[in-house]
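*Asks:* Sequence below, structure please.
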Amino acid sequence: MRYALLALLCLATAAVAAEGDLMRAVVLGDDGGVKVKSLLRPEPQAGQVRIKVRAASVNPVDWKLAARARSGAIPGMDLAGVIDAVGPEAGDWKRGQAVIAVAPTGSYAEYALASVKAVAVKPARLSFEEAAGLPIVGETAWRTMVTVADVKPGQRVLIHGGAGGVGSLAVQIAKEQGAHVIATASPEHAALVHSLGAEQVIDYHSVRFEDQVHDMDVVLNTVDPQIGIRSIKVVKPGGILVSVVGPPPADQCAAAKIRCAIPGRVTGEMLAQVSELAAKGRLQVHIDRQLSMDQVAEAWDLSKKGHTGGKLIIEVSHDQ
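*Replies:* Numbering: from 1, shown residues only. Down below sits the predicted model:
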C-alpha cells in the first residue's frame, strides 16, 4: 500500500512539473490552418537564449513559409520579450533583459529560442508591441537603404508601398541618410507616410508613378514584380533598383544601365543598428492592429490583402 501511494505521489509530482514546463503556441495543422496548442517549452542550447515572448509581428514570409512547412511547426520569426534562460556561450546576455530578436524556429509562442547573433536590446522608447515590429522589416529596410543602395545625402529615393512594414521603415531610414524621399501609398495612408519623412506621396490609385517621377537615384519595390518592371524607366543611369519581392529582369536592368539588386536573407545580425536608431527616437513603428494568438488566421488574411498601414502585431503575454 505504501509503495502504491509513493508511486501515485511521484506520478502527480511529474505531472505538475510537466505542466509547469508547458507553453501556449500557435502551430500549423494538417489542413494548413493554425491553432493554439500546449507544447513543451524549448531549452536553450549553446549560443542561444530563451525569450519569454511579449509580442510577435506578422510578416508575409510567415504565411508564405507556412504553405510548405510541416504540420506542428510554430510560425513567426520576429518578437520582443524578456530573456528568461541562457544557454552556454551566450556572451553577456542575462535573464531579465528586454530584447528584440529573430527566432527562426517560431515566435508565435509564449517562449522562443534565438541565436545570440540575432538578439538586440529592446529600445526603451518603444513598447513591447512596437518593438516586436522591428526585427524583420527593420533589418530588411536597413539592408535595402544602407547596405545595398548605400543612400547618400541629397539623393532622390522612391519607395513603393511606403505605408507597409518594410516601406514605412525604409522611408525613415532613407530620410535619416539625408535623402529626398518620395513614396507611393493609398490616400488613407498619405498622412502617415508624410509623418514618417516622405516629402511627396503619390496616390497610386489615381496616377501612374511613371508620370510623376524620373531620374531617381534609388527605387525600392516592396509591392510586386510588375511594379519593379515599371520602375526601371524611372531610375537614372547608374542608379539602383532594389526589390524585396523578387529580382527585376536582369536584361532590362542592363539595357537601362542601372543596377538591380535584392537585399538578401534576414539573419538578425543587423538588429543592433536598427535598435540603436529606434532608441534615439529616429525610427518609429506604426501599429495597424493588435490581435491575439487565437486570431492569427485573421491576421494572416489581413496581411495577404496587403492594405495595412504599418505592422500587424500578435499579443502573446502581458507580464515580465
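
*Asks:* Going by C-alpha atoms from here, please, whenever you check contacts or count neighbours.
*Replies:* OK.

*Asks:* Do you have the helices of the chain handy? List them.
*Replies:* For the chain, the helices defined by DSSP state H occupy 2-20, 60-66, 128-132, 135-142, 165-176, 190-196, 225-231, 250-255, 271-279, 296-305.

*Asks:* Could you chop this protein up by domain?
*Replies:* Split into domains by automatic domain parsing, the chain comes to 2-134+285-315, 137-261.

*Asks:* can you give me the offset of the longest one from its chain's centre?
*Replies:* Mean C-alpha position of domain 2-134+285-315 versus that of the full chain (C-alpha atoms, centre = their mean, to the nearest Å) differs by 14 Å.

*Asks:* Show the pLDDT at residue 128.
*Replies:* Looking at residue 128, its pLDDT stands at 98.

*Asks:* again, but for residue 71
*Replies:* 89.

*Asks:* List the residues that contact it.
*Replies:* With contact set as C-alpha atoms under 8 Å, 6 or more residues apart in numbering, residue 71 has these partners: 27-30, 32.

*Asks:* ok, so what distance separates residue 287 from residue 58?
*Replies:* Relative to residue 58, residue 287 is positioned 11 Å away (C-alpha to C-alpha, to the nearest Å).

*Asks:* circling back to that earlier point, could you flag which of the contacts of residue 71 are buried?
*Replies:* 27-28 (16 or more other C-alpha atoms under 10 Å).

*Asks:* quick revisit: so which of the domains of the chain gets nearest residue 267?
*Replies:* Residue 267 lies closest, by C-alpha to C-alpha, to one member of these: domain 2-134+285-315, at 6.6 Å.

*Asks:* hmm, back to that, to residue 209, which of the helices of the chain lies closest?
*Replies:* Counting by C-alpha to C-alpha, and looking across all of the helices of the chain, nearest comes helix 225-231 at 8.5 Å.

*Asks:* Pull out the buried positions in that closest one.
*Replies:* 225, 227-229, 231.

*Asks:* Most widely separated two among these?
*Replies:* 225 and 231 (9.8 Å).

*Asks:* coming back round to it: would you format the contacts of residue 71 as JSON lines with pLDDT and distance to residue 151 included?
*Replies:* Output for the contacts of residue 71, formatted as JSON lines (pLDDT from 0 to 100; distance: C-alpha to C-alpha, whole Å):
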{"residue": "27", "pLDDT": "97", "distance to residue 151": "40"}
{"residue": "28", "pLDDT": "95", "distance to residue 151": "40"}
{"residue": "29", "pLDDT": "90", "distance to residue 151": "43"}
{"residue": "30", "pLDDT": "85", "distance to residue 151": "45"}
{"residue": "32", "pLDDT": "76", "distance to residue 151": "41"}
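
*Asks:* Tell me which of the contacts of residue 71 fall in strands.
*Replies:* The strands, defined by DSSP state E, take in 27-28 from these.

*Asks:* Throw the contacts of residue 71 into CSV and include distance to residue 276, thanks.
*Replies:* Shown next, in CSV, are the contacts of residue 71 (distance: C-alpha to C-alpha, whole Å):
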residue, distance to residue 276
27, 33
28, 34
29, 38
30, 41
32, 38
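
*Asks:* on that earlier part again, now the domains of the chain in a markdown table, with distance to residue 272?
*Replies:* A markdown table is the format used below for these (distance: least, C-alpha to C-alpha, whole Å):
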| stretch | distance to residue 272 |
| --- | --- |
| domain 2-134+285-315 | 5 |
| domain 137-261 | 9 |
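
*Asks:* Worst mean pLDDT among these?
*Replies:* domain 2-134+285-315 (a mean of 89).

*Asks:* With distance to residue 312 as added columns, please give the helices of the chain in a markdown table.
*Replies:* As requested, the helices of the chain are arranged in a markdown table below (distance: least, C-alpha to C-alpha, whole Å):
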| stretch | distance to residue 312 |
| --- | --- |
| helix 2-20 | 30 |
| helix 60-66 | 11 |
| helix 128-132 | 10 |
| helix 135-142 | 12 |
| helix 165-176 | 9 |
| helix 190-196 | 16 |
| helix 225-231 | 23 |
| helix 250-255 | 33 |
| helix 271-279 | 18 |
| helix 296-305 | 7 |
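
*Asks:* Out of these, which is closest to residue 43?
*Replies:* Using C-alpha to C-alpha, the helices of the chain put helix 2-20 closest to residue 43, at 13.5 Å.

*Asks:* list residues touching both of residue 287 and residue 58?
*Replies:* Common neighbours of residue 287 and residue 58 (criterion: C-alpha under 8 Å, 6+ apart): 133, 311-313.

*Asks:* Looking at those residues, which are in strands?
*Replies:* 311-313.

*Asks:* Which of the residues you listed lies at the shortest distance from residue 88?
*Replies:* Taking C-alpha to C-alpha as the measure, residue 88 sits nearest to residue 313 out of those, at 31.2 Å.

*Asks:* ok, residue 237 to residue 148 distance?
*Replies:* To residue 148, residue 237 is 17 Å away according to C-alpha to C-alpha.

*Asks:* oh sorry, the question was meant for residue 269
*Replies:* In terms of C-alpha to C-alpha, residue 269 sits 15 Å off from residue 148.
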